[in-house]
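Q: okay, here's the prediction I keep looking at, along with the sequence it came from:
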Amino acid sequence: MIKDIVKEGPITLECLIARCERGKTAKNTPYLSLALEDSSGTLDAKFWNLTEEMIAQYTTGMVVEAHGDILFHRNAIQLRVRKLIPLEGKNVNDYVQNAPMSKTEMEEEIMEVVLAMKNEMLQKIVLRILDQKQEEFYSYPAATKNHHNFVGGLAYHTLCMLRMAKHVVSEYTWLDADLLYAGVLLHDVGKTVELSQPVLPEYTMEGNLLGHISIMASYIDQKAREEGIQDEECVTLLKHMILSHHGKMEFGSPVLPMIPEAEVLNLLDNLDSRLYMMKQSLEQTKPGQFGPRVFALENRMIYRKKDEE
């Protein structure tokens with residue numbers, strides 16, 4: 001298993017090609033830059049000195065037996081591939097990472113919060129959208145890369161934020177708890193339209209043209225109109241939560257957070273996603289060393305303490 005790799009040397013792995021990108025060396029020799037995945041993790045890999053005919057044999061979504069050598073390159077574990085053998089008749093779903101909780105566990109914890117809401121208008125909107133998108137919400141990743149990019153990652157990311165939101169409102173009792181919870185629960189549900197599928201997702205036409213933020217704002221408006229509550233202030237505030245949750249216009253939000261609950265939503269979203277990326281970096285870093293640069297974390301290297309054996 002990929003998570004069990006701790007030292008350099010020869011290795012054989014049965015895994016999924018999760019990313020397959022062509023490149024050429026300075027001497028114009030073709031090579032492949034790969035992300036190999038199994039149910040325990042993802043491994044960066046390079047397959048050097050190939051011909052165009054050899055490259056054509058490999059595609060994203062293919063299950064292979066990978067033979068090669070593990071090495072540490074720029075503080076990161078990498079596989080230098082010697083041979084890839086395509087494996088027929090394998091179920092791709094057996095080679096992808098899943099949320100650390102089951103759908104049932106996540107749904108029970110989320111619905112406990114939803115059913116306890118005192119604002120019936122917000123509760124109705126949340127229930128209608130989660131009911132409509134139930135299958136996708138509990139199976140889709142939260143992103144194609146960077147954070148919570150695994151099956152069930154969308155719901156798990158949402159649940160982690162929801163747990164933190166409950167602590168925030170217990171300390172800052174003047175916040176509108178139901179508004180914050182509704183914003184947390186719906187902030188990324190638009191990704192079930194933005195992305196194509198739970199496993200190896202791509203961006204859909206709607207995802208590229210509209211984006212998950214505007215998609216969800218439209219969904220909220222639609223459900224509110226069906227309930228006849230489209231002119232209620234809490235509905236407008238909920239749409240504002242969604243539209244502003246990326247925090248800055250340059251990050252994709254058309255407006256900045258203008259209410260405290262929207263500010264908290266942005267902070268919780270960043271906290272959960274950024275800590276996830278830091279944890280991922282630490283898991284592939286030796287104690288006492290810096291990990292690889294993480295582009296989504298301002299290209300920083302994350303240090304792993306020496307006592308984290």
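A: Everything's here; your move.

Q: the longest helix in the chain is where?
A: helix 260-283 (DSSP state H).

Q: downstream of that one, the next helix or strand is which one?
A: Sequence order places strand 290-294 as the next helix or strand after helix 260-283, per DSSP states H and E.

Q: next SSE downstream of that following strand?
A: Elements were assigned by DSSP H and E; along the chain past strand 290-294, the next helix or strand is strand 300-303.

Q: what is that following strand packed up against?
A: helix 260-283, strand 290-294 (3 or more CB pairs under 8 Å, 6 or more residues apart in numbering; DSSP states H and E). Bear in mind the C-beta positions are built from the backbone N, C-alpha and C, glycine included.

Q: in its sheet, what does that strand sit against?
A: strand 290-294 (antiparallel) (DSSP bridges).

Q: how about the CA coordinates for the partner strand, as CSV?
A: Provided in CSV are the C-alpha atoms of strand 290-294 (Å, rounded to 0.1, in the frame of the first residue of the first chain):
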residue,chain,number,x,y,z
PHE,A,290,10.6,19.9,5.3
GLY,A,291,8.0,18.5,2.9
PRO,A,292,7.6,19.4,-0.7
ARG,A,293,6.3,22.9,-1.7
VAL,A,294,2.5,23.1,-1.7
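
Q: average pLDDT across that strand?
A: Averaging pLDDT along strand 290-294 gives 88.

Q: flag every buried residue along it.
A: Neighbour-count burial for strand 290-294, counted by 16 or more other CB atoms under 10 Å, picks out 291-292, 294.

Q: and what of stretch 15-30?
A: Quick answer for stretch 15-30 (16+ other CB under 10 Å): 15-20, 30.

Q: can you check stretch 99-106 too?
A: 99, 103, 106.

Q: map the structural domains onto the sequence of the protein.
A: Per the record, the chain has its domains at 2-94, 98-278, by automatic domain parsing.

Q: so what's the gap between the first one and the chain middle?
A: Just to be clear, that refers to domain 2-94. Domain 2-94 has its C-alpha centroid displaced from the chain centroid by 22 Å (CA atoms, centre = their mean, to the nearest Å).

Q: what's the answer for the longest one, then?
A: Here domain 98-278 shows a centroid-to-chain-centroid distance of 13 Å under the convention CA atoms, centre = their mean.

Q: show me where the stretch 51-200 of the chain has helices.
A: 52-55, 103-115, 120-132, 134-137, 153-171, 177-186, 191-194 (DSSP state H, counting those that start in this stretch).

Q: still on that earlier bit, would a markdown table of the buried residues of stretch 99-106 with pLDDT and distance to Gln78 be doable?
A: Below are the buried residues of stretch 99-106 laid out as a markdown table (pLDDT from 0 to 100; distance: CB to CB, whole Å):
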| residue | pLDDT | distance to Gln78 |
| --- | --- | --- |
| Ala99 | 94 | 26 |
| Lys103 | 95 | 34 |
| Met106 | 97 | 33 |
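
Q: Asp231: which of those residues is nearest?
A: Met106 (33.5 Å; CB to CB).

Q: for the closest one, which non-adjacent residue is closest in space?
A: Ala155 (4.9 Å; CB to CB, 6 or more residues apart in numbering).

Q: poorly predicted segments of the chain, please.
A: Within the chain, the ranges that satisfy pLDDT under 70 run 308-309.

Q: about what we covered before: okay if I get the buried residues of strand 290-294 as TSV plus distance to Lys83?
A: TSV is the format used below for the buried residues of strand 290-294 (distance: CB to CB, whole Å):
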residue	distance to Lys83
Gly291	28
Pro292	25
Val294	30
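
Q: nearest to Leu122, of those residues?
A: Nearest to Leu122 among these, with distances taken as CB to CB, is Val294, at 35.6 Å.

Q: partners of the closest one in the sheet?
A: Bridge pairing for Val294 (DSSP bridges) gives the partners Arg300.

Q: okay but it is in contact with Tyr276, surely?
A: No. Distance between Val294 and Tyr276: 11.0 Å, which falls outside the contact criterion (CB atoms under 8 Å).

Q: so what sits against both of the two?
A: Here Val294 and Tyr276 share no contacting residue, scored by CB atoms under 8 Å, 6 or more residues apart in numbering.

Q: would you reformat the buried residues of stretch 15-30 as JSON lines and include secondary structure?
A: Shown next, in JSON lines, are the buried residues of stretch 15-30 (DSSP: H, G, I helix; E, B strand; the rest coil):
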{"residue": "Cys15", "secondary structure": "strand"}
{"residue": "Leu16", "secondary structure": "strand"}
{"residue": "Ile17", "secondary structure": "strand"}
{"residue": "Ala18", "secondary structure": "strand"}
{"residue": "Arg19", "secondary structure": "strand"}
{"residue": "Cys20", "secondary structure": "strand"}
{"residue": "Pro30", "secondary structure": "strand"}
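
Q: can you lay out those as JSON lines showing distance to Asp188?
A: What follows is the buried residues of stretch 15-30, written out as JSON lines (distance: CB to CB, whole Å):
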{"residue": "Cys15", "distance to Asp188": "28"}
{"residue": "Leu16", "distance to Asp188": "24"}
{"residue": "Ile17", "distance to Asp188": "27"}
{"residue": "Ala18", "distance to Asp188": "21"}
{"residue": "Arg19", "distance to Asp188": "22"}
{"residue": "Cys20", "distance to Asp188": "27"}
{"residue": "Pro30", "distance to Asp188": "38"}
